[in-house]
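A.B. asks: Quick one, what's the 3D model for this:
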Amino acid sequence: MLLFAPPLVMARSKGAYPHERVAEFVVDKLDLTSVPAEFRPKHKKSKKTLSDYGYLIQNATENDALLESPGVKSQISIKILEQRESGLYIWMNGRDPKGEQIQRVLRLQRRGANALLKSRVASKEFASCPAVGGGEGSTAQAY
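C.D. replies: Numbers count the residues shown, from 1 in each chain. Prediction:
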């Protein structure tokens, strides 16, 4: 029975997530149709990713990215909280159309090496994230 375990582990990961420039990877591969409605721009046919909608990276590090949409001047901040072979946990921070700050922890996964990242709201707590589990003294970026 142990002979079958390594192939299953390798089949699950498929080398799908990079270990460098992870924030840029998320920006390029995140399927916006799967993020919470508060972060999504108005749906346009055949557009799915942040770059499809015109979001530009204003500032990026290994695990953080600040994006801005040229049309409506909305900003979204993305921070990589945890990376595993089975997926990524990120923190998204932005403003809704009413101008209220919104924050969500999302779990990202993809089905294949070339597939887009699909998200769902995560309930896992992170000390560095004020949206879930963190406090006022956290290191998370707010604007």
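A.B. asks: how about stretch 90-101: buried residues?
C.D. replies: For stretch 90-101, a neighbour-count test (16 or more other Cβ atoms under 10 Å) marks Ile90, Trp91, Met92, Asn93, Gly94 as buried. For the C-beta atoms, the positions are set from N, CA and C on the backbone; glycine is no exception.
A.B. asks: Which ones among the residues you listed map onto strands?
C.D. replies: Under the assignment DSSP state E, the buried residues of stretch 90-101 contribute Ile90, Trp91, Met92, Asn93, Gly94 to strands.
A.B. asks: Can you get me a residue count around Glu24?
C.D. replies: Residues near Glu24, counting by other Cβ atoms under 10 Å, number 16.
A.B. asks: That one contacts Leu66, doesn't it?
C.D. replies: No - in this structure Glu24 lies outside contact range of Leu66 using Cβ atoms under 8 Å: 11.9 Å.
A.B. asks: residues shared between the contacts of these two?
C.D. replies: Counting by Cβ atoms under 8 Å, 6 or more residues apart in numbering, the common neighbours of Glu24 and Leu66 are Ile57, Ala60.
A.B. asks: quick one: the most centrally placed residue in the chain from Ala37, how far?
C.D. replies: In the chain, the C-alpha nearest the mean C-alpha coordinate belongs to Ile90, at 4.7 Å (Cα atoms, centre = their mean). Distance, Ile90 to Ala37, by Cβ to Cβ, to the nearest Å: 17 Å.
A.B. asks: just Asp52 next, same as before
C.D. replies: For Asp52 relative to Ala37 (Cβ to Cβ), the value is 17 Å.
A.B. asks: And Leu50, by the same measure?
C.D. replies: Taking Cβ to Cβ as the measure, Leu50 falls 16 Å from Ala37.
A.B. asks: what does Val72 give?
C.D. replies: To Ala37, Val72 is 16 Å away according to Cβ to Cβ.
A.B. asks: Sounds good, over and out.
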